[in-house]
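> Sequence first, then the predicted structure, then my questions.
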There are 2 protein chains.
Amino acid sequence: MVLDRMVRISDSTVRRLSGYLRALDELDPEGEAIVSSQALAERTGVTSAQVRKDLSHFGSFGRRGFGYEVAGLRREIRGILGLSRRWNVALVGAGNLGSALFAYKEFRERGFDVVAVFDNSPDRIGHRIGDLVIEPMSRFRELCEERHIDIGVVATPARAAQEVAELLVEAGVRAVLNFAPRKLLVPRHVTLRDVNMEVELESLAFALRSSETRAGGRRRVEEW
Amino acid sequence: MVLDRMVRISDSTVRRLSGYLRALDELDPEGEAIVSSQALAERTGVTSAQVRKDLSHFGSFGRRGFGYEVAGLRREIRGILGLSRRWNVALVGAGNLGSALFAYKEFRERGFDVVAVFDNSPDRIGHRIGDLVIEPMSRFRELCEERHIDIGVVATPARAAQEVAELLVEAGVRAVLNFAPRKLLVPRHVTLRDVNMEVELESLAFALRSSETRAGGRRRVEEW
DNA sequence: TGTTGTGAAGGCGTTCACAGCC
DNA sequence: GGCTGTGAACGCCTTCACAACA
């Protein structure tokens, strides 16, 4: 787990590591003890050189002529990604999306515990959600500190998102996952990730439109 | 709307265009008639050169020494992204996430109509959701064709996702938005976008872990 | 022999900087 | 004068290709 060399790790590398981990999670129960960069590459849709290069930023986890030990590599990647500990998540916005995210069990399985849920609607405040109670924004800072929030998830309407982000920052949260379709401004020491479903749909529309423009009717033979 | 030059447009360009569009959508009601690449850049968190370069792939929409006409540029980008028409979406999976996505009004506002919802659970099939009925997978192909589905949204558990993707492909759908945390294999003529919340959380964990490793305690002064 | 780890090459997107034009 | 549009420079990530080595 050599991170102290302090080479800059690209975002794409980190995201792929997450993909390798998921693949290893599958291989383990399948009884595979050894995996090659080639096999991992096929499972995750990248090249084998990419797999090796990504891993090489953090150390040498394989054996030449042999491959990688599944369990060992899995452990290493979990360590690299910071998954050998659990993380506390605060969810802001308990509407449709927020509730769905809260109910998403896989988060807990992967080490992320939603330990606080906030909303500003009187209709929702005070209601139970799972084993929590939906809290008013007035208790935001207090509860964020009390429950040692590591990550804030913004699942509010777009208009409220920036304000929520600022509250998160003030409360000392240094990682934000934003589902609101709006660019958030946060200090540089805060890491922000956006999940913007509108962007995804619009990029699909672009792709559809382009291929129609190009193909001019007849589809060509399918190729996987 | 010059697309026929057939230069390859990068994914990042398309995603940024979507961001510019959102910014223009805000500027319009604010009564701004003209916007500079600089202003657009600030609103979307990129450089002004980037804005100009992105747009230049599709034509010359501005006036030198002046800027871009908000309404006009908005119209152009909508055209480029394929948003001057509406798109039919099929949602597969009516669980927590699927229902939340269905309830997300912004999709309709932006031109995407969910016109079919499928699930394989007898508990859900037949129930109303909005003005639709949740349909069984057995009617998948029939309804996809009947309702001219353009985009399929996969909101099933991971284990079902690949199978659903194949059904979508067989039904002639050429764009897939995948929310299941699993790599999907689709033919090359099908465009796939992934929204993987686990990857996002894990990349946040990586960032938190790295900054802790580096900073060794004391936070430095905030800088936005 | 087979697969890793990695310097070097290559490709692609971003940024620069300025010519072009209103 | 000011801002766009764009070729050229830059930098970063990916791919190549092979030395290292179990």
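That came through, no problem.

> Please work out the average pLDDT along the longest strand along chain A.
Ranked by residue count and defined by DSSP state E, the top strand of chain A is strand A:112-119. Model confidence over strand A:112-119 averages 98 on the pLDDT scale.

> Direction included, what does that strand pair against?
Strand pairing for strand A:112-119, determined by DSSP bridges: strand A:87-92 (parallel), strand A:132-136 (parallel).

> So which bits of it are buried?
Neighbour counts using 16 or more other C-beta atoms under 10 Å in any protein chain shown place A:112, A:114-119 of strand A:112-119 among the buried residues. Heads up, the C-betas are built off the backbone N, CA and C, glycines and all.

> Format the CA atom coordinates belonging to it as CSV.
Taking C-alpha atoms only, strand A:112-119 is exported to CSV below (Å, rounded to 0.1, in the frame of the first residue of the first chain):
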residue,chain,number,x,y,z
PHE,A,112,-20.6,3.2,4.0
ASP,A,113,-23.0,3.8,6.9
VAL,A,114,-25.7,6.4,6.5
VAL,A,115,-25.9,7.6,10.1
ALA,A,116,-27.9,10.8,9.6
VAL,A,117,-30.7,11.9,7.3
PHE,A,118,-31.8,15.5,7.0
ASP,A,119,-34.6,17.3,5.3
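
> Could you see whether chain B lies near the longest helix belonging to chain A?
Residue-count comparison of every helix in chain A, with assignments taken from DSSP state H, identifies helix A:197-215 as the longest. Yes - Helix A:197-215 is in contact with chain B by C-beta under 8 Å from any C-beta of the partner chain, via A:197-211, A:213-214.

> Can you list the low-confidence ranges for chain A?
Segments of chain A classed as low confidence (criterion: pLDDT under 70) are A:1-6, A:214-224.

> Leaving out chain neighbours, which residue sits closest to A:G95?
The shortest distance from A:G95 to any residue that is not its chain neighbour, by C-beta to C-beta, 6 or more residues apart in numbering or on different chains, is 6.9 Å, and that residue is A:A155.

> list the contacts for the one you found?
In this structure, A:A155 makes contact with A:91-95, A:97-98, A:101, A:179-180, judged by C-beta atoms under 8 Å, 6 or more residues apart in numbering or on different chains.

> Nearest to DNA strand D among the residues you listed?
In terms of C-beta to the nearest atom of the strand, no member of those lies closer to DNA strand D than A:F179, at 24.5 Å.

> Hmm, A:E198 and the closest one touching each other?
No - the pair formed by A:F179 and A:E198 falls short of the contact definition of C-beta atoms under 8 Å, at 10.7 Å.

> Quick check: residues of chain A near DNA strand D?
Applying C-beta under 7 Å from any atom of the strand, one finds that chain A approaches DNA strand D through A:8, A:10-13, A:46-47, A:49-50, A:52-53, A:63-66.

> Where does whichever residue of chain A sits closest to DNA strand C sit: helix, strand or coil?
When distances are taken as C-beta to the nearest atom of the strand, chain A reaches nearest to DNA strand C at A:G65, 2.5 Å away. At A:G65 the chain is in coil, as set by DSSP: H, G, I helix; E, B strand; the rest coil.

> between A:F179 and A:E198, which one's more packed in?
A:F179 (24 against 20; other C-beta atoms under 10 Å in any protein chain shown).

> contacting residues for the more buried one?
Applying C-beta under 8 Å, 6+ apart, we find A:F179 in contact with A:93, A:97, A:101, A:153-155, A:195-197.

> what's the spacing between it and B:M197?
Here the criterion is C-beta to C-beta, to the nearest Å. By it, A:F179 lies 9 Å from B:M197.

> overlap in contacts of the two?
Any residue near both A:F179 and B:M197 by C-beta under 8 Å, 6+ apart counts here, and that gives A:101, A:195.

> okay but A:V7 is in contact with A:S56, surely?
No - applying C-beta under 8 Å as the test, A:V7 and A:S56 come out as separate, 10.4 Å apart.

> Could I get the full set of helices for chain A?
Secondary structure of chain A by DSSP H: the helices cover A:11-27, A:37-44, A:48-56, A:70-81, A:96-103, A:105-109, A:140-146, A:158-170, A:197-215.

> Can you point out the buried residues in the fourth one?
Taking 16+ other C-beta under 10 Å as the basis for neighbour counts, the residues of helix A:70-81 that come out buried are A:70, A:73-78, A:80-81.

> what do you get for the fifth one?
Neighbour-count burial for helix A:96-103, counted by 16+ other C-beta under 10 Å, picks out A:96-102.

> relative to helix B:96-103, how tilted is it?
Note on geometry: by axes from the mean of the first three to the mean of the last three C-alpha atoms, to 10 degrees, helix A:96-103 and helix B:96-103 are set 180 degrees apart in direction.

> Please enumerate residues in contact with helix A:96-103?
Contacts to helix A:96-103, defined as C-beta under 8 Å, 6+ apart, come from residues A:91-92, A:94, A:107, A:114, A:117, A:119, A:129-130, A:153, A:155-156, A:179, B:96-97, B:99-100, B:103-104, B:197.

> count of neighbours near A:H127?
A count of neighbours around A:H127, defined by other C-beta under 10 Å, yields 13.

> Please apply the same query to the one 10 residues further on.
One way to gauge burial is a neighbour count; for A:M137, by other C-beta under 10 Å, it gives 17.

> Now do the contacts for it.
Here A:M137 is in contact with A:118-120, A:167 (criterion: C-beta under 8 Å, 6+ apart).

> returning to what we had before: are the longest helix of chain A and DNA strand C in contact anywhere?
No - remark: helix A:197-215 sits outside contact range of DNA strand C, by C-beta under 7 Å from any atom of the strand, the gap being at least 13.4 Å.

> Give me the buried positions along that helix.
Under the neighbour-count criterion of 16+ other C-beta under 10 Å, helix A:197-215 has A:197-211 buried.
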